[in-house]
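Participant: here you go, sequence then predicted model.
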Amino acid sequence: MDLSPVGEAVLVAREGRRLAAYRDSVGVWTIGIGHTSAAGPPRVVPGLTITAAECDAIFSRDVAAYVAAVRAGLAVPVGQHAFDALVSVCFNIGPAAFTRATFLKRLNAGDLAGARAALLWWDRPAAIRGRRAAEAEQLVTPYARGLPRPVAGARPVAAVPDAAVPTPAIRPVVAPPGPLARLLARLDALRAGPRRA
């Protein structure tokens, strides 16, 4: 099984797409479609920029590793909607945490409702709660019954991206920055120096 076009579209909507390095909601340097240095090259540092083509290539390489981790972790057959939801979660929490997660153990034991409930335990930072609720619904809702949402309460993903067209620029869905994020942004602005008109 592989990530479906619907699963890819909703994952991109969840992660956002930025061509300049930024700090995510917990302060980790990120670029492209949720790429961090932990996923491999390129190493994300302040000031790094990439092209749309580089963004798509990095995402393809990154997502392949998470798809492989989900395949390796699953011991039971699941529907496409569930597989896509698991790839989205794995992309967010990483393969090591995914492999140890209670939701995966419950799913492999045949307890779909228990897996859904345990998935909701992954609710930190607070900015992730809407995404996690949407992933939990995606886990248990076949696409024939409803398309997935990027975050709870958002519109479902209606269009599947054309592989020949770069993914659209989407701002990440995050809560307003907390005091630490505001401080880090201010320090970055001070390091950058005064803005010129």
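Facilitator: All right, it came through fine.
Participant: mind listing what's buried along the longest strand along the chain?
Facilitator: Ordering each strand of the chain by length in residues (DSSP state E) puts strand 18-23 first. When burial is assessed from 16 or more other Cβ atoms under 10 Å, strand 18-23 yields the following buried residues: Arg18, Ala21, Tyr22, Arg23. Placement of C-beta: from N, CA and C, glycine included.
Participant: residues contacting Arg114?
Facilitator: For residue 114 the amino acid is Gly, not Arg. Arg106 (Cβ atoms under 8 Å, 6 or more residues apart in numbering).
Participant: same deal with Ala118?
Facilitator: Contacts of Ala118 by Cβ under 8 Å, 6+ apart are Ala101, Thr102, Phe103, Arg106.
Participant: from Arg124, how far off is it?
Facilitator: Noted for Ala118: a distance of 14 Å to Arg124, by Cβ to Cβ, to the nearest Å.
Participant: most surrounded residue in the contacts of Ala118?
Facilitator: Within the contacts of Ala118, most neighbours by other Cβ atoms under 10 Å means Phe103, with 23 neighbours.
Participant: that one is in what secondary structure piece?
Facilitator: Per DSSP states H and E, Phe103 falls inside helix 102-108.
Participant: and what of Gly153?
Facilitator: Going by DSSP H and E, Gly153 is not in any helix or strand.
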